[in-house]
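*Asks:* I would like the atomic coordinates for the input below:
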Amino acid sequence: MELQLQHLCKHYGTKCAVNHVSTTLTPGVYGLLGANGAGKTTLMRMICGVLKPTSGRLCLDRKSIEELGEAYYARLGYMPQDFGFYPDFTAREFMRYMAAVKGLDKREVKNRTEELLELVNLRDVADRKIKSFSGGMKQRLGIAQAELNAPDILILDEPTAGLDPKERVRFRNLISDFAKDKIVILSTHIVSDVSYIADTILMMKDGKLFLQEPMATVTDSINGKVWELLVSDREAVEYSSRFSVVNLHHENGKVRLRMIHETAPVADAMTVSPSLEDLFLYHFGEEAGIERSEKNADKI
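*Replies:* Sure, this is the predicted structure:
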């Protein structure tokens, strides 16, 4: 199975939200990263057919999605960033309603609904109204409805936004369970979630896809550019104003700084192994790194 994006563009007046994105995706989990406004949601909505590209083509196994029509959407599952629920529906009613919208066989709907509610740990509350659910419960219901038709392509836009750490771990495990033999595209600004479950990292900036790299090697490009050093409080404030500080940690009256820089920022700095968060800040320093440094300086 291959999902081919061929020179996809989306314009809103003079603004180009997605700019000639081309790639081929095969089964696996893809973590889609980028700063706010990078074009991630627009790209995902085009893949789902919610938005029509201004130009370019989407193909599944070399057939355009226009040619495939309903056969394409039958293989697609989508959880948008702001998923709309009917608050007075129970979880079970909502799942059966979504099954009807997707045109699923009525004979299979009951068993499939119960199976998924059990899988996302909502079966015990299946007859409670959704308006009484926590954010995490709603997110779990959202991924359950996306899985109703056992899709080959699963699109998840910011699925862990607003969840506490425990719920995020539970949700990451769910995604891993659902990901077998599927193309899963997961967009999030929580880099740690992607680093745990993604096979491949995609990065977008200004509407362009500029990086596609396996998780195992994605940070190789910044080897030798991530540094740590132990400094005084005064030096920490100074360095935070001059460099992109990824993290700081107080240790016995000193401050351990982690910084991203092409060369050693100061003589005592030591190189360390880079993380996915380091790579994110390396590429999106203006949007994320400078802001992070100012916040770190405030904590010293």
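*Asks:* from here on, contacts and neighbour counts on C-alpha atoms
*Replies:* Noted.
*Asks:* contact partners for Tyr78?
*Replies:* Residues near Tyr78 by CA atoms under 8 Å, 6 or more residues apart in numbering: 48, 146, 154-156.
*Asks:* Gly49 now?
*Replies:* Under the criterion of CA under 8 Å, 6+ apart, the contact list for Gly49 is empty.
*Asks:* go again using 10 Å as the cut-off
*Replies:* Taking CA atoms under 10 Å, 6 or more residues apart in numbering as the contact definition, Gly49 lies against 43, 58, 65-66, 69, 72-73, 76.
*Asks:* give me the distance from stretch 63-77 to the chain's centre.
*Replies:* Between the mean C-alpha location of stretch 63-77 and the chain-wide mean there is a distance of 23 Å, by CA atoms, centre = their mean, to the nearest Å.
*Asks:* I should have written stretch 218-231 there, sorry.
*Replies:* With CA atoms, centre = their mean as the basis, stretch 218-231 stands 24 Å off its chain's centre.
*Asks:* and it, what's buried?
*Replies:* Within stretch 218-231, the residues scored as buried using 16 or more other CA atoms under 10 Å are 218-219, 222, 224-231.
*Asks:* if we can go back for a sec, and the furthest pair within the contacts of Gly49?
*Replies:* The largest distance within those, taken as CA to CA, falls between Leu43 and Gly69 and amounts to 18.8 Å.
*Asks:* so which of the two has more stuff around it?
*Replies:* More crowded of Leu43 and Gly69, by other CA atoms under 10 Å: Leu43, with 24 against 11.
*Asks:* shouldn't that one be in contact with Leu51?
*Replies:* Yes - under the criterion of CA atoms under 10 Å, Leu43 makes contact with Leu51 at 8.7 Å.
*Asks:* so where does Tyr282 fall, helix or strand?
*Replies:* Following DSSP states H and E, one finds Tyr282 within helix 276-283.
*Asks:* by contact count, what packs against that helix?
*Replies:* Under the contact definition 3 or more CA pairs under 10 Å, 6 or more residues apart in numbering; DSSP states H and E, helix 276-283 sits against helix 191-197, strand 200-205, strand 226-231, strand 244-251, strand 254-260.
*Asks:* now the buried residues of stretch 218-231 in JSON lines, with distance to Pro87?
*Replies:* Supplementary listing: those in JSON lines, determined by distance: CA to CA, whole Å:
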{"residue": "Val218", "distance to Pro87": "42"}
{"residue": "Thr219", "distance to Pro87": "43"}
{"residue": "Ile222", "distance to Pro87": "47"}
{"residue": "Gly224", "distance to Pro87": "51"}
{"residue": "Lys225", "distance to Pro87": "49"}
{"residue": "Val226", "distance to Pro87": "47"}
{"residue": "Trp227", "distance to Pro87": "49"}
{"residue": "Glu228", "distance to Pro87": "49"}
{"residue": "Leu229", "distance to Pro87": "52"}
{"residue": "Leu230", "distance to Pro87": "52"}
{"residue": "Val231", "distance to Pro87": "53"}
